[in-house]
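A.B. asks: Generate coordinates for the sequence data below:
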Amino acid sequence: MMKRALVTGGSGDIGAAICRRLAAAGHHVIVHANRSQDRAAAVVADILASGGSAEAVAFDVTERAATAAALERLLEAGPIQILVNNAGIHADAVFPGMSAEQWHAVVDVSLNGFFNVTQPLTLPMLRTRWGRIVNISSVAAVAGNRGQVNYSAAKGALHAASKSLALELASRGVTVNAVAPGIIATGMSEDTFDAEAIKRLVPMQRAGTPEEVADLVAFLTSEQAAYISGQVISINGGMI
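C.D. replies: The predicted model follows:
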């Protein structure tokens, strides 16, 4: 049965792969973007051309009122039963040189954005007694990473939030999990990790693909994953 799925940050490399994979699984996918609205529209067009069902939506997850208004409009068509919180940003700097703006910007998108998007969708999801929430995190939240104290803190908090929310929603058929990717071949990672660095850091000696992350997310949002909740699942080629 087709379910409605919202993917925040659906215009990015990993987000777009998740959107395509969920559409291929037969869901109606709402592709979210903030600034990259043209890329979200392209993802929607790609899904429609493949015979899937999709639409685009634009709002800033850090703006509580704007997010609530956008979600209210989406809920008019029915509950959203699959939510993938994928929106996130980097503002890397070593901690002694990190500005307050860099700290707050990263925490605002990954952590406050999670609250702003997830909280309004929870009750409508619970009423259906079926739901899947997947929060996209990072290996940086599991192992730490130099220059990413802000990012690690935000994503680590997301792990704790996922575990607590999983406890609250478990009896109503709603699962909550976090997925923590390692080095994934995206435009962002290509600027950070060269081939030699990847061979040194990753036991499998390659970067993962956005499609591999999307396959994991698709499983966690499926009927087959009904007994998996409150977990942080790493996908990193054996890094840790």
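
A.B. asks: Next, the contact list for the closest residue to residue 114 other than its chain neighbours, please.
C.D. replies: In space, and not counting its chain neighbours, residue 114 is closest to residue 85: 5.1 Å by Cβ to Cβ, 6 or more residues apart in numbering. Where you see a C-beta, it was placed from the backbone N, CA and C, and this is true even at glycine. Applying Cβ atoms under 8 Å, 6 or more residues apart in numbering to residue 85 gives the contacts 8, 113, 114, 117, 118, 133, 134, 135, 136, 158.

A.B. asks: Residue 85 bridge partners, please.
C.D. replies: Residue 85 forms beta bridges with residue 135, as assigned by DSSP bridges.

A.B. asks: That one and residue 46, how far apart?
C.D. replies: Residue 85 is 22 Å from residue 46, where distance means Cβ to Cβ, to the nearest Å.

A.B. asks: Which residues does the longest helix seen in the chain contact?
C.D. replies: Criterion DSSP state H: the longest helix present in the chain is helix 149-169. Residues from elsewhere that reach helix 149-169 (Cβ under 8 Å, 6+ apart): 85, 88, 90-92, 95, 98, 102-103, 106-107, 109-111, 114, 118, 122, 126, 131, 133, 135, 137-138, 140-141, 144-145, 175-178, 180, 229-230, 232.

A.B. asks: how about the helix or strand just after it as CSV, C-alpha atoms only?
C.D. replies: The helix or strand immediately downstream of helix 149-169 is strand 174-181, counting by DSSP states H and E. Presented in CSV, the C-alpha positions along strand 174-181 are these (Å, rounded to 0.1, in the frame of the first residue of the first chain):
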residue,chain,number,x,y,z
VAL,A,174,6.1,3.4,15.0
THR,A,175,9.8,2.7,14.8
VAL,A,176,12.6,5.3,15.2
ASN,A,177,16.2,4.6,14.1
ALA,A,178,19.3,6.5,13.2
VAL,A,179,21.6,5.7,10.3
ALA,A,180,25.2,6.8,10.6
PRO,A,181,27.0,6.8,7.3
